[in-house]
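Engineer: Got a predicted model here, sequence first, then my questions.
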There are 2 protein chains.
Amino acid sequence: MKVNLKTLAASLGLSQTTVSRALGGYSDVSETTRKRVAEAAQQMDYKPDPLARRLATGRTDTIGMVFPFNATAFGDNRWGEVISGLSEGLSANDMDLSIIPVRPEKELETYRRVVEGRRVDALIVAWTRVDDPRIRLLQELGFPFLSYGRTDSPVPYPWFDFDNEAGARAAVERLIAFGHRRIGLIHAPLAYNFAAQRHAGYLAALCAAGIEVEDGLIVESPVSRTSGYRAMEQLLALDAAPTALLVDNNLSGIGALRALGTHGLQPRRDLSVIVYDGVPTDIPLPYTVTAVQQPTAEQSGRTMARQILAILAGKPVDEVRHLGQPVIEVGETDGPLAAAAVAPRRRTRKKAVS
Amino acid sequence: MKVNLKTLAASLGLSQTTVSRALGGYSDVSETTRKRVAEAAQQMDYKPDPLARRLATGRTDTIGMVFPFNATAFGDNRWGEVISGLSEGLSANDMDLSIIPVRPEKELETYRRVVEGRRVDALIVAWTRVDDPRIRLLQELGFPFLSYGRTDSPVPYPWFDFDNEAGARAAVERLIAFGHRRIGLIHAPLAYNFAAQRHAGYLAALCAAGIEVEDGLIVESPVSRTSGYRAMEQLLALDAAPTALLVDNNLSGIGALRALGTHGLQPRRDLSVIVYDGVPTDIPLPYTVTAVQQPTAEQSGRTMARQILAILAGKPVDEVRHLGQPVIEVGETDGPLAAAAVAPRRRTRKKAVS
DNA sequence: ATCATAATCCGAAGCGCTTTGGAAGTAAAC
DNA sequence: GTTTACTTCCAAAGCGCTTCGGATTATGAT
């Protein structure tokens, strides 16, 4: 029923070797036989068994991504786009992408299993942390990987990242140029390196402008809509609320803007807001959002695919790096500090949220 | 460096066969040698090469799920939970779950590749449609699979599903019992079988109560927050708007409730709303939502894992089925038809959304 | 002492492919 | 006419594991 190399070779009166090499496009088989083999293969519907191929070559032609399937990761459909682009870029090179679900508490164990299971040729590490045990583990095991987000590490490794510090800094400088001095920050836990970097950019901008940092204006919040909502409420409850705000991730950004609306406030007029990454397509907003934008997520995925291929091709790890430059996309949520602008009253109109 | 069966066997003075069978737990190896082998394996850190095992056995110990990584699928973190439960249930049996991203337009091609690539032992089909080519393909190829959602098919197959028709019917009956007669429905495209079933349940309830179906009250809308928002606006714009509403999926449910708020209306008071599946943890709502609830998604995943194992164990396909019964979870978004209730004015207060 | 039975163990043949290290034949160079 | 250099093909050895079909030894019944 199922034809394999042997039967194919036999029916062609050739050796397995030759058939294999013909199909593999090696140069030591004549053009004519190559054609003959190709046709026969086509006609007999021969499909090489990938399992056998894997055993023989040691490659799986699959790259993996261990992904936390929780609300945080799942809520942000940017990841969906990154994954699409990645998958696209890989399959153009006959490789597959396999996503391995994991619960956060079993993370390292899963990485270990995947590596030892020879399940994939390389891994993509996402949600990189400032001090990331996964990266240490993979380095220790000598397993090829690409990290989405970079970290300081004694040993260099390949990464894909954006200049988060520059992005945040540019955003805050823009707000400062508008005359704002009380500038708030809602940021993800600083264990994430993107959060740490954006946080640093925020501080750098303030410092450069000679504005004193006020701890109360900086609130840490998990990456989710709800948390962003809460964080914004916290800021609004301040005696001296900020007149401008940077939110360091899109999910919290949605929540924050929503909270503004709920409390009867308007972005720009009552509070200048810049959201890192912009807000995902969600409920329609009646205004566009000023954002620190990065190349489309899909584009990122494609770049990462190229990087992965480079790694597998043996390119030195410290050359496989990509640092994207974010740009500010001007929307309607920020603007000059109005002379009349006053801190909103505490707990403005505590209205239903819906 | 890396020990394999051969070296392990040699170092134990046993044959490969015996070592293999000892590790495999076969009965034809004595307890003492089994122990000896186990210890040696442990001590020499022997890990069987899964690639070799796969080639030899033909099994991959991995089950796959082709998943569309677009906003619709990604926006609903219920899927994250299902996947968690599934993965959990499988790994308890030493199997892995691999998620294969796909763009909708390449769906069948991807399925084909996965099956032919012997990548996985079985597949899970999600977002089942009323007439689903994927199921036909898999049946044709004779590849084991479990479908999340059932469809009429000439050939029986294993599925996991809920009694969507009963759930929708119960919800609508509840609204009717409250005195409502103008009951709207926001539903996903009827190509999805869950939507078709819930739609049928809606009609059945109206029919049983002798209420005439009004086409204008039924609006189809893609599964997303934004679409739900739009659909609700469409209903509110009606000259004779409904006094009650069933939304057949949680994502649209969020959007619909949000639209209500935006337009200055309150659920229950102005419009009774029941949302199928409830609304995901999102921005906090100031009320609880009446919902048709199903067992936790994680529980579902676990059940599916069991089903998959049953399939692979060779259980007849028409016995591997699971039909869950949804229950109504009473919240604060629905209630009796107030005597005073009037259709909201057209285009009530077209206020900013935020 | 003899023979069936059961308990242990092992040789060898795959699984289906890749790849090494020639062999055979042909063409060009001396 | 011999040597050198290609070109084209192939036999055979893996890759590391499983598994079939005995072989060997011990056990107990006769």
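Structural biologist: Done, it's in. Numbers count the residues shown, from 1 in each chain, chains lettered A, B, ... in the order given.
Engineer: Now stretch A:149-169: buried residues?
Structural biologist: Residues of stretch A:149-169 classed as buried: A:149-151, A:157-169 (neighbour count, 16 or more other C-beta atoms under 10 Å in any protein chain shown). All C-beta spots, glycine's among them, are computed from the backbone N, C-alpha and C.
Engineer: One more: stretch A:86-99?
Structural biologist: So stretch A:86-99, judged by 16+ other C-beta under 10 Å, has buried residues A:86-91, A:95-99.
Engineer: Kindly report the same for stretch A:280-289.
Structural biologist: Buried-residue list, stretch A:280-289, by 16+ other C-beta under 10 Å: A:280, A:282-283, A:285, A:287, A:289.
Engineer: Show the average pLDDT along that stretch.
Structural biologist: Here stretch A:280-289 scores 81 as its mean pLDDT.
Engineer: which outside residues touch it?
Structural biologist: Stretch A:280-289 is touched from outside by A:76-78, A:250-251, A:253-254, A:257, A:267-268, A:273, A:275, A:278-279, A:331-333, B:71, B:225-226, B:229-230, B:254-255, B:258, B:352-354, with contacts defined as C-beta atoms under 8 Å, 6 or more residues apart in numbering or on different chains.
Engineer: Filter the residues you listed down to the ones in strands?
Structural biologist: A:273, A:275 (DSSP state E).
Engineer: and the two most separated of the buried residues of stretch A:280-289?
Structural biologist: A:Pro280 and A:Tyr287 (15.5 Å; C-beta to C-beta).
Engineer: Might one say that A:Met65 is in contact with A:Ile124?
Structural biologist: Yes: with contact defined as C-beta atoms under 8 Å, A:Met65 reaches A:Ile124; the gap is 4.3 Å.
Engineer: I'd say A:Trp79 and B:Phe74 touch.
Structural biologist: Yes: under the criterion of C-beta under 8 Å, A:Trp79 makes contact with B:Phe74 at 7.1 Å.
Engineer: And the two? Which one has more around it.
Structural biologist: Set side by side, A:Trp79 and B:Phe74 show more neighbours around B:Phe74, with 24 against 20, by other C-beta atoms under 10 Å in any protein chain shown.
Engineer: So what's the residue count around the residue in the stretch 251-354 of chain A that DNA strand D sits nearest to?
Structural biologist: Of all residues in the stretch 251-354 of chain A, A:Leu312 sits closest to DNA strand D, at 19.1 Å by C-beta to the nearest atom of the strand. The number of residues packed near A:Leu312 is 16, by other C-beta under 10 Å.
Engineer: can you pull the contacts of it?
Structural biologist: A:Leu312 touches A:121-122, A:144, counting by C-beta under 8 Å, 6+ apart.
Engineer: Next: A:Pro222.
Structural biologist: By C-beta under 8 Å, 6+ apart, the contact set of A:Pro222 is A:72, A:188-189.
Engineer: now with 7 Å?
Structural biologist: A:72, A:189 (C-beta atoms under 7 Å, 6 or more residues apart in numbering or on different chains).
Engineer: Confirm A:Pro154 sits in a strand?
Structural biologist: No: applying DSSP: H, G, I helix; E, B strand; the rest coil, one finds A:Pro154 to be coil, outside a strand.
Engineer: Report the rounded mean pLDDT for the one helix or strand A:Ile135 maps to.
Structural biologist: A:Ile135 belongs to helix A:133-141 when assigned by DSSP states H and E. The average pLDDT within helix A:133-141 is 94.
Engineer: Which SSE is immediately downstream of that helix?
Structural biologist: Helix A:133-141 is succeeded, C-terminally, by strand A:145-148 (DSSP H and E).
Engineer: Perfect, I'm done here.
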